[in-house]
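> Next input, structure requested:
(one chain, ligands or ions: 1)
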Amino acid sequence: MKIDVYLIPDEIAEERLKDKTAVVVDVLRASTTICAALSVGARAIIPADSISSAIQLASLLSRSAVLLCGEREGKLIEGFDLANSPFEYTRAKIKGKTLIFGSTNGSPTIIRTRQARHTVICGFVNLDVVVEALAEITDPINILCSGKFGQFAIEDAICAGRVVAELQKLNPSIELNDGAIAAKNLAEYYWDRVPEIVAGSHHGQYLTQIGMDADLPFCSDLNRVPVLPVFHDGKITLAK
Ligand code: MLT
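Now for the predicted structure:
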């Protein structure tokens, strides 16, 4: 069994994910919001890698069944229904809807895994459920940290590292790439201070600046939304 962690998505070419299990981590905030939306009854979430493709995808579906969601610079996109705060995704707004979800970094990273055999979405909010599911899998596991504009994001690396550490506890002979070793060490070092590290991260500070600081404890809250979102055939749904 092998686990590779890619600390930024560009480290791995799409074709190399074939026959592997991919895990996409975007703690701030796409993974967290996706978990929140599915937990309150979203029918499916379709990631879009640009604003125009989100609008195009929405136009193929009945407008009353669809919500246009996502963000640019962490904020609501003009003409969209919802931005990317997990608090916006309430049962009253979401239940039964298909969400077209165009976030800046998380959505393109999810789409990048379309050739993988399975893709699972992971944040701190559903970490144990993800570990439990991965423990059953024999394919090589590739964890992609979404980062920010192609750069390293510490909160994603810590989350990925904790997944690695938990899986290694279950199977000490797992082979790790250097990204996985680095992420695991980072997670061990910072594990007692996750909310503080998330708040002090580059994107955490940015979200505070734009008034979204209430999202940070939510995104750091271990196992707050224990669901297993999987991406298959262009859609994210709850695992059966
Ligand atoms: C992203 O996908 O880039 C993020 O989720 C950004 C955000 O915090 O809204």
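> Which positions in the longest helix along the chain come out as buried?
As assigned by DSSP state H, the longest helix anywhere in the chain is helix 154-170. By 16 or more other C-beta atoms under 10 Å, the buried positions in helix 154-170 come out as 154-168. C-beta coordinates here come from the backbone N, C-alpha and C atoms, glycine included.
> Beyond it, next helix or strand please.
Per DSSP states H and E, the first helix or strand lying C-terminal to helix 154-170 is strand 175-176.
> Contacts for that next one, please.
If you take C-beta atoms under 8 Å, 6 or more residues apart in numbering as the criterion, strand 175-176 is touched by Met1, Lys2, Ile3, Asp4, Val5, Val164, Gln168, Lys184.
> For the ligand, see how far away the closest residue to the first one other than its chain neighbours is.
In this structure, Met1 finds its nearest non-sequential neighbour in Ile174, 4.9 Å apart by C-beta to C-beta, 6 or more residues apart in numbering. Ile174 sits at a distance of 28 Å from the ligand (criterion: C-beta to the nearest ligand atom, to the nearest Å).
> distance of the spatially most central residue of the chain from the ligand?
Nearest residue to the geometric centre of the chain (C-alpha atoms, centre = their mean): Ser31, 2.8 Å. To the ligand, Ser31 is 8 Å away according to C-beta to the nearest ligand atom.
> which SS state does that residue fall under?
With DSSP: H, G, I helix; E, B strand; the rest coil as the basis, Ser31 sits in helix.
> so Cys69 sits in a strand?
Yes. Under three-state DSSP, Cys69 falls within a strand.
> Across the sheet, point out what pairs with it.
Beta-bridge partners for Cys69, by DSSP bridges, are Leu82, Phe101.
> That one: what's it in contact with?
Contacts for Cys69 (C-beta under 8 Å, 6+ apart) come out as Ala37, Ile45, Phe80, Asp81, Leu82, Ala83, Asn84, Leu99, Ile100, Phe101, Gly102.
> go again using 6 Å as the cut-off
Leu82, Leu99, Phe101 (C-beta atoms under 6 Å, 6 or more residues apart in numbering).
> And for Glu132?
By C-beta under 6 Å, 6+ apart, the contact set of Glu132 is empty.
> Okay, it and the ligand: tell me how far apart.
For Glu132, the distance to the ligand (C-beta to the nearest ligand atom) stands at 24 Å.
> and if you look at Ile143?
Going from Ile143 to the ligand by C-beta to the nearest ligand atom gives 16 Å.
> hang on, the earlier thing: OK, contacts around the residue nearest to the centre of the chain?
The contact partners of Ser31, taken as C-beta under 6 Å, 6+ apart, are Ile121, Cys122, Gly123.
> do you know how far the residue lying closest to it once chain neighbours are set aside is from Leu228?
In space, and not counting its chain neighbours, Ser31 is closest to Gly123: 3.5 Å by C-beta to C-beta, 6+ apart. Distance, Gly123 to Leu228, by C-beta to C-beta, to the nearest Å: 12 Å.
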